[in-house]
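Participant: Show me how the following folds:
(one chain, ligands or ions: 1)
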Amino acid sequence: MREELQPSILDHIVIQDKNVSEVTEVTLGAHCAKVSCRPALRPELGIVLHLIKGNKMITLYGSPRSSAGRCFWALEEAGVPYTQKDVDMRNKEHKSPEFLKINPMGKVPAMIDGDITLFESMAINYYIADTYKKELLGTNALEKGLSIQWSFWAISELQPPIIEAFIQKVFVPEDKRDNSVIEKNLNKLPALLTVLNNTLADKKYLAGNQFTIGDINTASVVSICPMMGVDLGEYSNIKTWLGTISERPAFQKYQALCK
Ligand SMILES: N[C@@H](CCC(=O)N[C@@H](CS)C(=O)NCC(=O)O)C(=O)O
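Facilitator: Numbering: from 1, shown residues only. From the prediction side, this is the model:
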């Protein structure tokens, strides 16, 4: 299968060695006639070709250790080059007029890709998959539905009690801390984690055999649990699932960014 690159459509290509993060940009023109493979169709060459339309490169705002982390993971899974921009929360840069133009909520992450600006980490991840690696959406209607189902579940059911407890434990000074809020919210977690554990009894990933954005979005929330003193060891299927996921090279690259 051949596809000639058209300089009128593509401004430049990015050639990325699979094993290193270094990226070489090649301007189309003289070179374009020599490049005739589709992205990721020539793994034997050891290179991945990213076709960048309109000279755009993703910029992701936020630290990999924040809610932006799941987006860095998705970018690594998609194998797409990106630029990371720190937002100085201590100096309230996230509430500055400039940043509010990017995310009117004044939060990270936010993403700019060419003329597209998005916020909400899980939505950003679906955009990354849809634009750069469609299989991460799921490969059929059921997988796609399950991927979205578990993302919605993670953000609307699992994350709120974790965050409530997290805020009390981490941000509220000890003398002002309300332990009843921590207890009430942590008590909600076993029922939720049991639902997740049960669904993973006969599945490798949340959508079945296909790893999707739903796994990234859900695992990134579940991974906060141990920080709250929740022992995931009681949930053997969740542990197996997290173990499988943690072997993914993209996950390991994302983890390295967090150090
Ligand atoms: N639902 C949002 C949550 C984003 C969020 O709460 N980000 C935190 C950092 S982890 C933030 O920017 N907080 C600043 C604030 O709330 O003022 C998402 O998933 O993108």
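Participant: and residue 135, how many residues sit next to it?
Facilitator: The number of residues packed near residue 135 is 13, by other C-beta atoms under 10 Å. Placement of C-beta: from N, CA and C, glycine included.
Participant: residues contacting it?
Facilitator: Taking C-beta atoms under 8 Å, 6 or more residues apart in numbering as the definition of contact, the neighbours of residue 135 are 129, 210.
Participant: quick check, it in a strand?
Facilitator: No. Secondary structure of residue 135, determined by DSSP: H, G, I helix; E, B strand; the rest coil: helix, with no strand assignment.
Participant: For it, give me the pLDDT.
Facilitator: In the predicted model, residue 135 carries a pLDDT score of 98.
Participant: which stretch of helix or strand covers the closest residue to residue 93 other than its chain neighbours?
Facilitator: If you skip the residues right next to it in sequence, residue 93 has residue 87 as its closest partner in space, 5.1 Å away by C-beta to C-beta, 6 or more residues apart in numbering. Residue 87 belongs to no helix or strand when assigned by DSSP states H and E.
Participant: Now do stretch 220-236: distance from first to last residue.
Facilitator: Distance between the two ends of stretch 220-236: 17 Å, counting by C-alpha to C-alpha, to the nearest Å.
Participant: Now tell me what touches it from outside.
Facilitator: Taking C-beta under 8 Å, 6+ apart as the criterion, the residues outside stretch 220-236 that touch it are 69-70, 73, 154-155, 158-159, 162, 165-166, 169, 186, 189, 193-194, 196-197, 238-239, 242.
Participant: is the ligand contacted by it?
Facilitator: No. Counting by C-beta under 6 Å from any ligand atom, no contacts exist between stretch 220-236 and the ligand, the nearest distance being 9.3 Å.
Participant: average pLDDT for that stretch?
Facilitator: Taken as a whole, stretch 220-236 carries a mean pLDDT of 95.
Participant: And stretch 69-83, by the same measure?
Facilitator: Taken as a whole, stretch 69-83 has a mean pLDDT of 97.
Participant: so what's residue 199 up against?
Facilitator: Contacts for residue 199 (C-beta under 8 Å, 6+ apart) come out as residue 206.
Participant: mind redoing it with 6 Å?
Facilitator: Taking C-beta atoms under 6 Å, 6 or more residues apart in numbering as the criterion, residue 199 is in contact with no other residue.
Participant: Return the alpha-carbon coordinates of stretch 195-215 using PDB.
Facilitator: As requested, C-alpha coordinates have been extracted for stretch 195-215 and formatted as PDB (Å, rounded to 0.1, in the frame of the first residue of the first chain):
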ATOM      1  CA  VAL A 195     -17.500  -3.400  40.400                       C
ATOM      2  CA  LEU A 196     -14.200  -2.700  38.500                       C
ATOM      3  CA  ASN A 197     -12.600  -5.900  39.900                       C
ATOM      4  CA  ASN A 198     -15.600  -8.000  38.800                       C
ATOM      5  CA  THR A 199     -15.600  -6.600  35.300                       C
ATOM      6  CA  LEU A 200     -11.900  -7.500  34.900                       C
ATOM      7  CA  ALA A 201     -12.500 -11.100  35.900                       C
ATOM      8  CA  ASP A 202     -12.700 -12.400  32.300                       C
ATOM      9  CA  LYS A 203     -11.100  -9.500  30.400                       C
ATOM     10  CA  LYS A 204      -7.500  -8.400  29.700                       C
ATOM     11  CA  TYR A 205      -8.600  -4.800  29.300                       C
ATOM     12  CA  LEU A 206     -11.800  -2.900  30.000                       C
ATOM     13  CA  ALA A 207     -13.000  -3.100  26.500                       C
ATOM     14  CA  GLY A 208     -11.900  -6.800  26.100                       C
ATOM     15  CA  ASN A 209      -8.800  -7.700  24.200                       C
ATOM     16  CA  GLN A 210      -8.200  -4.200  22.900                       C
ATOM     17  CA  PHE A 211      -6.300  -1.600  25.000                       C
ATOM     18  CA  THR A 212      -8.100   1.700  24.800                       C
ATOM     19  CA  ILE A 213      -8.200   5.200  26.200                       C
ATOM     20  CA  GLY A 214     -10.700   3.800  28.700                       C
ATOM     21  CA  ASP A 215      -7.900   1.900  30.300                       C
END
